[in-house]
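K.L.:
quick one, structure for this:
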Amino acid sequence: MSTKPRKHPGKYHISQRAKQISPSGIRKFFDLLASTEGVISLGIGEPDYATPWHISEAAIESLAKGYTMYTSNMGMPELRQELSRYLKKECNLGYDPNSELLITVGVSEGLDLVARAILNPGDEIIIPDPCYVSYSSCIILAGGTPIMVPTSEENNFEMSAADIEARITGKTRAILIGYPANPTGAVMSKSKLAQIAEVARQHKLLVISDEIYAKLVYGVKHTCFAALPRMKESTVLLGGFSKAYAMTGWRIGYAAAPAEIIAAMTKIHQYTMMCASTMAQVAAIEALKSGEQSASDMVEDYNRRRLVMVKGLRDIGLSCFEPHGAFYAFPSIKVTGMTSEEFAERLLTEEKVAVVPGSAFGRCGEGYVRCCYATSLADIEEALSRMKRFVDRYKKEG
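P.N.:
Numbering: from 1, shown residues only. So this is what the prediction gives:
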């Protein structure tokens with residue numbers, strides 16, 4: 001009898017869904033800059049502020065008191081009650097904290113949960129292009145098909161109701177929107193969102209509205225999609241604490257939706273995450289109760305940086321759509337003749353400035369790069385100086 005070990009076939013069985021998605025283009029550049037000294041990062045969409053101390057202190061106190069156990073799968077009752085009050089105050093929406101709210105591990109988990117809760121194999125969700133990198137992948141991993149709606153700088157990177165309607169089929173289950181938008185900073189008006197709402201109502205579609213940047217708007221007003229007439233019962237509202245309260249690493253978000261959808265999402269959440277971190281939930285309660293001033297101060301500072309960033313990009317010869325939300329600028333780099341990825345890689349190598357190629361966010365992002373201005377004014381100004389050298393060098397060659 002042979003005692004030789006069986007020869008490994010050399011390949012593991014990897015699912016087609018896993019093969020179908022690409023690694024995050026954002027994380028690729030995060031890893032590159034981590035290994036390069038002296039880099040100014042305009043890449044990662046993360047506040048440069050520490051979490052306000054009173055929020056961290058609430059979590060520390062909870063640890064000191066031994067609050068380290070599981071919570072309800074749906075999240076701490078006190079947090080859901082506080083969130084219900086917050087949504088009533090901010091959006092005039094009444095959500096039952098016991099059946100219509102779910103605390104998630106960030107908005108990304110919320111998106112994954114709703115996709116898996118509503119999709120059968122082959123079902124479709126309509127999404128904008130460009131958009132946040134998770135949108136397509138979450139749909140694909142849930143067995144669905146993302147249907148892209150191209151947007152452009154000429155139409156302010158907004159999806160139109162007509163373009164959405166033209167892509168609706170018998171397999172369409174939902175429309176996924178994210179305004180204020182990552183990567184473009186676009187903010188849609190109430191009237192245009194209302195047109196999308198009318199299409200959704202006519203075709204009996206769910207709308208998944210990612211509003212993680214709801215508080216980060218400049219000179220315009222954010223419209224909560226679920227607050228549009230007769231849309232609460234047809235909307236899954238996704239929000240969180242990462243951006244407005246500088247709590248990215250806490251990984252805490254929420255979903256607000258009709259009870260039937262929340263129940264389906266909660267079942268999946270039970271078998272994957274169990275519950276969000278207890279300490280993060282305590283911190284979120286404090287953010288909702290007392291974090292408004294800190295959030296407003298950060299937004300005011302982001303606005304100053306936004307103005308410097310957009311003007312600076314235009315001054316060095318890159319046309320730049322004016323962002324009215326989030327904390328990103330999305331300049332065109334077409335004058336250099338480079339692809340988005342080539343521009344980002346060479347800028348990092350030659351001038352030690354990290355940006356994210358627009359192609360990471362979809363085909364319509366090609367020819368652009370995303371620059372995050374959630375960093376100090378001094379770093380923004382130095383980054384712009386380095387980018388000017390780079391653009392001047394390659395514009396001349398072109």
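K.L.:
how far does whichever helix or strand Arg346 is part of sit from the chain's center?
P.N.:
Per DSSP states H and E: Arg346 is located in helix 340-351. On the basis of Cα atoms, centre = their mean, to the nearest Å, helix 340-351 sits 24 Å off its chain's mean C-alpha point.
K.L.:
so which residues of the stretch 251-398 of the chain form helices?
P.N.:
Ranges of helices in the stretch 251-398 of the chain, per DSSP state H, counting those that start in this stretch, are 259-272, 278-290, 292-315, 340-351, 377-397.
K.L.:
highest mean neighbour count out of those helices?
P.N.:
Mean neighbours per residue, mean count of other Cβ atoms under 10 Å, is largest over the helices of the stretch 251-398 of the chain for helix 278-290, with a mean of 22. C-beta coordinates here come from the backbone N, C-alpha and C atoms, glycine included.
K.L.:
what's the angle from it to helix 292-315?
P.N.:
90 degrees (axes from the mean of the first three to the mean of the last three Cα atoms, to 10 degrees).
K.L.:
run the chain-centre distance for helix 278-290.
P.N.:
When distances are taken as Cα atoms, centre = their mean, helix 278-290 is centred 21 Å away from the chain's centroid.
K.L.:
which secondary structure elements does the helix holding Arg346 contact?
P.N.:
helix 25-34, strand 353-354, strand 356-357, strand 369-372, helix 377-397 (3 or more Cβ pairs under 8 Å, 6 or more residues apart in numbering; DSSP states H and E).
K.L.:
Ile60 - how many residues pack around it?
P.N.:
By other Cβ atoms under 10 Å, 14 other residues sit near Ile60.
K.L.:
measure Ser134 to Glu350 for me?
P.N.:
For Ser134, the distance to Glu350 (Cβ to Cβ, to the nearest Å) stands at 30 Å.
K.L.:
typo on my end, it should be Ala64
P.N.:
49 Å.
K.L.:
domain map for this protein?
P.N.:
Per automatic domain parsing, the structural domains of the chain span 18-50+293-397, 53-290.
K.L.:
chain neighbours aside, what residue packs nearest to Val282?
P.N.:
Of all residues not flanking Val282 in the chain, Ser62 sits nearest, at 4.2 Å (Cβ to Cβ, 6 or more residues apart in numbering).
K.L.:
what's around the one you found, how many residues?
P.N.:
Neighbourhood size, Ser62 [other Cβ under 10 Å]: 19.
K.L.:
any chance of the domains of the chain in JSON lines, plus mean pLDDT and distance to Tyr12?
P.N.:
Listed next are the domains of the chain as JSON lines, based on pLDDT from 0 to 100; distance: least, Cβ to Cβ, whole Å:
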{"stretch": "domain 18-50+293-397", "mean pLDDT": "91", "distance to Tyr12": "11"}
{"stretch": "domain 53-290", "mean pLDDT": "97", "distance to Tyr12": "18"}
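K.L.:
show me what the strand or helix carrying Ser209 pairs with in its sheet, parallel or antiparallel.
P.N.:
Ser209 is part of strand 206-210, with elements assigned from DSSP H and E. For strand 206-210, the paired strands and their directions (DSSP bridges) read strand 172-177 (parallel), strand 235-240 (parallel).
K.L.:
would you tell me which of those gets closest to Ile316?
P.N.:
Ranking those by proximity to Ile316 (Cβ to Cβ) places strand 172-177 first, at 32.0 Å.
K.L.:
show the subsequent helix or strand relative to that closest one.
P.N.:
Using DSSP H and E, the helix or strand that follows strand 172-177 towards the C-terminus is helix 190-202.
K.L.:
return the list of helices and strands in contact with that next one.
P.N.:
Right, helix 190-202 is packed against helix 161-165, strand 172-177, strand 206-210 by 3+ Cβ pairs under 8 Å, 6+ apart.
K.L.:
buried ones in that helix?
P.N.:
Buried residues in helix 190-202, counting neighbours by 16 or more other Cβ atoms under 10 Å, are found at 192-200.
K.L.:
now swap in stretch 91-108 and tell me
P.N.:
For stretch 91-108, by 16+ other Cβ under 10 Å, it's 91, 93, 95, 97, 99-108.
K.L.:
residue contacts, the closest residue to Gly317 other than its chain neighbours?
P.N.:
Leaving out its chain neighbours, the residue that sits closest to Gly317 by Cβ to Cβ, 6+ apart is Val391, at 5.5 Å. Listed by Cβ atoms under 8 Å, 6 or more residues apart in numbering, the contact partners of Val391 are 316-318, 333, 335-336.
K.L.:
and Val391, how far from Thr349?
P.N.:
15 Å.
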